[in-house]
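> just need the structure, nothing else, for what follows:
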Amino acid sequence: MEALVFIFVQAALDPNAVIEINGVPTKDEGSKIIAAIFTGIFPIIGMFLSFAPSKHHDKWVAKIITRLS
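Okay, the predicted model is just below:
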């Protein structure tokens, strides 16, 4: 996952880099920045969840299950 973040950050810094969004190649700077931010969110959430106490995980899972029911 972190490799994908680095690839998108490098693409965001390179004005000639091309990324694909919905199968369409683009050089749009805003799209490349959004892709880097979006992929960077998941490792941050993972680190937060890995250091959170298990009692909080149980509460979060119970809330999710009740909302989905």
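> contacting residues for residue 57?
residue 49 (Cβ atoms under 8 Å, 6 or more residues apart in numbering). To be clear about C-beta, it is placed using only N, CA and C from the backbone, and glycine gets the same treatment.
> give me that answer again for 7 Å
Neighbour list for residue 57: empty [criterion: Cβ atoms under 7 Å, 6 or more residues apart in numbering].
> cool, residue 39 as well?
4, 5, 8.
> the second one: neighbouring residues, count only.
Spelled out, that is residue 5. Neighbour count of residue 5, defined by other Cβ atoms under 10 Å: 19.
> quickly find the element holding it.
Assigned by DSSP states H and E, residue 5 belongs to helix 2-13.
> can you list the buried residues in the next helix or strand after that helix?
Moving toward the C-terminus from helix 2-13, the next helix or strand (DSSP H and E) is strand 19-21. Using 16 or more other Cβ atoms under 10 Å as the burial criterion, the residues of strand 19-21 that qualify are residue 19.
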